[in-house]
Structure formats: structure tokens, C-alpha cells
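Trainee: Okay, predicted coordinates and the sequence, questions at the end:
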Amino acid sequence: MVVLENFSLKKYNTFGIDATARYFVEITTIEELQQILSNPDYPRKIIIGGGSNMLLTDSIDALFIHINLKGKQIISESPNTVQVKVMAGENWHEMVMWAIDNNFGGLENMSLIPGNTGTAPIQNIGAYGVELKDCFVSCEAVSVIDQHLVTLTKEECKFGYRDSFFKNEGKDKFVITSVTFSFTKNVHKINSGYGAIENQLEKESIIHPTIKDISNAVIAIRQSKLPDPKILGNSGSFFKNPIVSTEIFEAFIAKNPDAPFYKMSDDFYKIPAGWLIEQCGFKGKRFGDAGVHKNQALVLVNYDKATGKDILDLAAKIIKEVKRTFDIEISPEVNLIK
């Protein structure tokens, strides 16, 4: 375990922002993690995984700890289900593909989401009607305070929409080292009810989709709408879809009768942030090297040399205009690190 100094994080964040870490270390064992967390020489420590859900600004005076714990292990199995423990450094999409190749179902709707497995529970990632919590059993994490390895249940993780214990009272207090999932075997619950998936399956003349068909459909949809971070820097969806009360929704839909929405309950509605941003005229717009993607207004992009501040300024401009136009507040999904 070697601590490096003045280390470029350009390859460690999917936005491709060329920020500099004062210190950087790569962790490959839980013991190394416990050791570095207990080291008093580095008062500010920042954990990074796949670098897909963060926005870095300029030079950062901190020790960046890159979690590169690898491995997958079947820990229990029954005729219809299997529990698999996945280490935090495993790439999310590659892990989903591995599950599908083994005929393990549950995560196929979340194919091609960037990032690593260990950071997925933090914001309860989700896509096309499925969330991480639907397959989540528990996770192991090292306590930042005393370096003990603990297990947190689904209930203890307090999952919500793009939310969890790790974003609230547990923020910066734990480092997830592994996640245990429960997958279906043989008999799968196929989640094809999302409009875009239905359309893609219809286009391919698939009537009775398998989990592989669902995954392929999701990959095709995402590739048609979302830029590849290896080619164009981005962090996927930059904004959360706002959830509003019935009162706010009714005022909104009266003025915008053609707006898409999703009824979550009798009291709350979800409105697509991408639609709001597009209506404000930002889709495809470029401001220097920062911009809004031409196919998906939820995605902010770095065309070449945009700084974290450039991206942040653009996000603020969008938030202000959506509020002015629709009187609805949208907020970033990504973590700002400065």
C-alpha cells in the first residue's frame, strides 16, 4: 500500500475532470482499509470507487482512498434463489452481466449503470422501475471511527428514492466493503412494464422476454440516449427526478397538460427532470466545454477541458431556470467534492 502525492484524478472520475488529489492510495484488502482509516497523518479522507457519481472541483487537499476490493462469492442457495456476496470494487455492469450469464435475475433492468458495486447502496441506484433495494440483503462496511467491520441489514440502510442511511445519518461514517444480493433462479420476475422497454422489445419482436432480453433492451435504450463516459465525460443522470405533492402537481399539470409524470401514491407524483430541463431549452446546449447532452437533458457533459466549477455553474443555471419556469425545484444526484 503506497500513498502517492499530487495525484491526477482524471482517470478516476467519469466526468474526466482533471482535479488533483493531495494524496492518493489504492486499497485491495479490508486490512489495508482499516489501517489507512486509522492513520492520523491524513485528517481529511475521501472514499472513491468507480468515480461515477461525483463532481470534483480543482485541487483537493485530502487523501483519496480508492476502493479496489475484488471478488464474488455464492454464500447460500435454494431451488429458486441464490445469495451472492460481491466485493465493493467490482464494476457494477460487469457484475450484472455475470449474474445474467449465471441465470441469476433481479438486476437486469439496471444494466450499464456506471460505477462500482460498493457505492451503489449509497444512493440506492435504480433504473426502469427497479431499485437496488429490491435485491439487497445486507452490506458489510468498515466504521470510519473505530475501523470495526460491521454488517448492515436492508432495514438499517433506510433506503428511499436515490437515498439511504449512507447519505444521511451515516454519511462519511462507513466505507462499504461488500454487498450481498438475493437473486432469483429459474423463475424470474420480469419487469418490462416501463414504456421504453416495452417499445424496445416490440421493435425486436420479443413477446416473452428473458432476463437477458430485458438487459439487452436496457443496454440498447441507454446507449441510444446516454453518452459513453470513456468518449464524453459525464456522470449519467446529473439531476434527481423531483417528487412533488398532489397540490404542486395539480397546479403544474393544469399549466402543462401534456407533461409526463408518474403517480407514486395518492399524495406524491414524480416528474421527469429531463423533460423540465428540455422545456427550458437546455437540451444540446453548450457553454464552453460544459454542456447538456443532445439526447438526454438529464446528463451534463464535459466536452474536453471543463472544470468542476464550469459544470457546477451550468447546473445552477438549469436549477434556477426550471424553478422560474415551473416553480419546481430540482436537485443534483451527484456528490460534489471540493
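Mentor: That came in fine, so what should we check first?

Trainee: Okay, residue 62 and residue 44: tell me how far apart.
Mentor: 4 Å (Cβ to Cβ, to the nearest Å). The C-beta positions use only the backbone N, C-alpha and C, and glycine is treated the same way.

Trainee: of these two, who's got more company?
Mentor: Between residue 62 and residue 44, counting by other Cβ atoms under 10 Å, residue 62 is the more crowded of the two (17 against 11).

Trainee: So that one: helix, strand or coil?
Mentor: strand (DSSP: H, G, I helix; E, B strand; the rest coil).

Trainee: got a list of contacts for the host helix or strand of residue 301?
Mentor: Secondary-structure element containing residue 301, defined by DSSP states H and E: strand 300-302. Strand 300-302 is contacted by residues 15-17, 227, 232-235, 238, 289-293, 310-311, 314-315 when judged by Cβ atoms under 8 Å, 6 or more residues apart in numbering.

Trainee: Inside strands: which ones of the residues you listed?
Mentor: 233, 234, 290, 291, 292 (DSSP state E).

Trainee: Need those residues in TSV (columns: pLDDT, neighbour count and distance to residue 72).
Mentor: TSV is the format used below for the ones in strands among the contacts of strand 300-302 (pLDDT from 0 to 100; neighbours: other Cβ atoms under 10 Å; distance: Cβ to Cβ, whole Å):
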residue	pLDDT	neighbour count	distance to residue 72
233	95	23	29
234	95	26	28
290	98	26	37
291	98	23	37
292	98	25	37
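
Trainee: closest to residue 81 among those residues?
Mentor: Comparing these against residue 81 with Cβ to Cβ places residue 234 closest, at 35.4 Å.

Trainee: Next one: that closest one from residue 326, what distance?
Mentor: In terms of Cβ to Cβ, residue 234 sits 24 Å off from residue 326.

Trainee: Check which helices and strands the longest strand seen in the chain is in contact with.
Mentor: Counting residues, the longest strand found in the chain (DSSP E) is strand 174-185. Where contact means 3 or more Cβ pairs under 8 Å, 6 or more residues apart in numbering; DSSP states H and E, strand 174-185 is packed against helix 30-37, strand 59-67, strand 81-87, strand 104-105, strand 136-143, strand 149-153.

Trainee: mean confidence for that strand?
Mentor: The average pLDDT for strand 174-185 rounds to 98.

Trainee: For whichever helix or strand comes after that strand, name the packing helices and strands.
Mentor: Following strand 174-185 in sequence order, the next helix or strand is helix 195-203 (DSSP H and E). Helix 195-203 sits against helix 211-225, with contacts defined as 3+ Cβ pairs under 8 Å, 6+ apart.

Trainee: Report the backbone C-alpha coordinates of the helix it packs on in CSV.
Mentor: What follows is helix 211-225, C-alpha atoms only, in CSV (Å, rounded to 0.1, in the frame of the first residue of the first chain):
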residue,chain,number,x,y,z
ILE,A,211,-33.8,-11.6,-18.1
LYS,A,212,-31.1,-11.4,-20.9
ASP,A,213,-33.7,-9.8,-23.3
ILE,A,214,-34.5,-7.2,-20.7
SER,A,215,-30.8,-6.5,-20.1
ASN,A,216,-30.2,-6.2,-23.9
ALA,A,217,-33.2,-3.8,-24.2
VAL,A,218,-32.0,-1.6,-21.4
ILE,A,219,-28.5,-1.5,-22.9
ALA,A,220,-29.9,-0.5,-26.3
ILE,A,221,-32.0,2.2,-24.7
ARG,A,222,-29.2,3.6,-22.6
GLN,A,223,-26.7,3.5,-25.5
SER,A,224,-29.1,5.4,-27.7
LYS,A,225,-29.7,8.1,-25.1
